[in-house]
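*Asks:* Sequence plus the predicted model coming up.
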Amino acid sequence: MKKQLSCIVSLFLAIVLQAQMSRTVTVATAGTLCSTLTKVEKDSITSITVLGTIDARDFKTMRDSMPLLSVVDLRDVTIDAYNVAQNTGAYAQTIPPAALNYKQILTSVLLPKSMISIGGDAFMDCYSLNTVSFADPSLVTSIGSQAFKGCTSLTSIVLPASITTINGSVFN
């Protein structure tokens, strides 16, 4: 009987851990998403809504430490500038270069209201990405090179009229 109960509990836990998990997370200080979530949460979250202030380190957490993450809602975040190499090449309110690149399970992204640009290679080779939405397109002025390169599931995107610069091979 104990063996059967143990098998049932194990099966139940396996199903629960594989179930889709949505989470809303408030990041009080940019760069702390990794420490805000437990290892179990990082390993199981499939959909995340982020609030607060984030930077390139938080995008790296979403990209590299959350293997099941497929839906990202950033509409209410503020993006701080951050670059390991003496804060050069990083701009506030910009999706950082290579932010979520190679995140092949990513299917949907809602971009921040306060965003002004998308960095180069930001979503490169996100093969499953099919929906990119701008929470407030009126502020967006530029998209970096190869930002959506290799996004073969992205069948349409409505670009804001406010965009003045689209760099090379954005949708290659």
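*Replies:* Thanks, I have the structure now. Numbers count the residues shown, from 1 in each chain.

*Asks:* tell me the helices in the chain, going along the chain?
*Replies:* With DSSP state H as the criterion, the chain has helices at 2-18, 33-36, 39-44, 56-64.

*Asks:* Worst mean pLDDT among the ones you listed?
*Replies:* Ranked by mean pLDDT, the helices of the chain bottom out at helix 2-18, with a mean of 48.

*Asks:* who touches Thr24 in this structure?
*Replies:* 48-51 (Cβ atoms under 8 Å, 6 or more residues apart in numbering). Glycine gets a C-beta too; all of them are placed from N, C-alpha and C.

*Asks:* need the contact list for the closest residue to Gly150 other than its chain neighbours.
*Replies:* In this structure, Gly150 finds its nearest non-sequential neighbour in Asp125, 3.9 Å apart by Cβ to Cβ, 6 or more residues apart in numbering. Residues in contact with Asp125, defined by Cβ under 8 Å, 6+ apart, are 101-102, 104, 149-151.

*Asks:* now the strands for this structure?
*Replies:* Taking DSSP state E as the criterion, the chain carries its strands at 21-27, 45-54, 71-79, 94-95, 108-111, 117-118, 131-134, 142-143, 165-166.

*Asks:* Pick the most deeply packed of those strands.
*Replies:* Highest mean neighbour count of the strands of the chain: strand 94-95, a mean of 24 (counted as mean count of other Cβ atoms under 10 Å).

*Asks:* beta partners for the residue nearest to Arg23 when sequence neighbours are not counted?
*Replies:* Nearest residue to Arg23, sequence neighbours excluded (Cβ to Cβ, 6+ apart): Ile45, at 5.1 Å. Going by DSSP bridges, Ile45 is paired in beta bridges with Met21.
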